[in-house]
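1. Quick one, what's the 3D model for this:
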Amino acid sequence: MQRILLTIVLTFSLVGFAKAQEATGDAAEKVKKEILQLEEEKCKVYMSTTGSSPDGSYAANWVARMDADDIAFIGVNGRSRTKAEHIAGFRSGKTKVYLCIEHDPHVRVYGSGGDGTTAVVTYLHEVNDEHNGQRSTTKANGTDVFIKVDGAWRWVVHNHSRLAEPGQ
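-> Numbering: from 1, shown residues only. Purely as a prediction, here's the structure:
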């Protein structure tokens, strides 16, 4: 629980600290397009676990390439996962994604577009997935943070917060 709170505080502290430095212009727009493409690709890759690559290898390989080694990954259940656990879930077939939709993505860019550039993405997330034989449908707020390192984007923070059901 402490790690979850720390991740959320650090993510929003970064956004608050860097707000005055949010990038604009052509370079920022190019980064926004790259990040939105990665977000779209992520959902397609995840859904490949039940379609073109049901063994999960395609998704596992994508995660292995995109996740930073020390990613702060927190799912809607509030549990954190390491990069190795994220990959293993797909590779073992214990993680399957039947539906992944992101609504209303908003990308904030900090930096010049080169190495060290940070992109923070917020969105509404709908997913129908299965973990260890338990299938569920979830709606959540999502936050992903990407940092450009050695010319490539790395996913460093992922957090989903389940939306409250009406009347709660």
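2. gap between stretch 59-76 and the chain center?
-> Relative to the chain's own centre, stretch 59-76 is displaced by 8 Å; criterion: C-alpha atoms, centre = their mean, to the nearest Å.
3. Now do it, average pLDDT.
-> What stretch 59-76 shows for mean pLDDT is 95.
4. How about exporting that stretch as PDB, limited to the C-alpha atoms?
-> The C-alpha trace of stretch 59-76 is given here as PDB (Å, rounded to 0.1, in the frame of the first residue of the first chain):
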ATOM      1  CA  ALA A  59       2.500  -9.300 -25.600                       C
ATOM      2  CA  ALA A  60       5.300 -10.600 -23.400                       C
ATOM      3  CA  ASN A  61       7.900  -9.500 -25.900                       C
ATOM      4  CA  TRP A  62       6.400  -6.000 -26.200                       C
ATOM      5  CA  VAL A  63       6.300  -5.600 -22.500                       C
ATOM      6  CA  ALA A  64       9.900  -6.800 -22.200                       C
ATOM      7  CA  ARG A  65      10.900  -4.100 -24.700                       C
ATOM      8  CA  MET A  66       8.800  -1.300 -23.400                       C
ATOM      9  CA  ASP A  67       8.800  -1.600 -19.600                       C
ATOM     10  CA  ALA A  68      11.600   0.000 -17.700                       C
ATOM     11  CA  ASP A  69      13.400  -2.500 -15.500                       C
ATOM     12  CA  ASP A  70      12.100  -0.800 -12.400                       C
ATOM     13  CA  ILE A  71       8.600   0.100 -13.700                       C
ATOM     14  CA  ALA A  72       6.100   1.100 -11.000                       C
ATOM     15  CA  PHE A  73       3.200  -1.000 -12.200                       C
ATOM     16  CA  ILE A  74      -0.100  -0.800 -10.200                       C
ATOM     17  CA  GLY A  75      -3.200  -2.600 -11.400                       C
ATOM     18  CA  VAL A  76      -6.800  -1.800 -10.700                       C
END
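5. Buried residues of that stretch, list them for me.
-> By neighbour count with 16 or more other C-beta atoms under 10 Å, stretch 59-76 contains the buried residues 59-60, 62-63, 66-68, 71-76. (Each C-beta comes from the backbone N, C-alpha and C, glycine too.)
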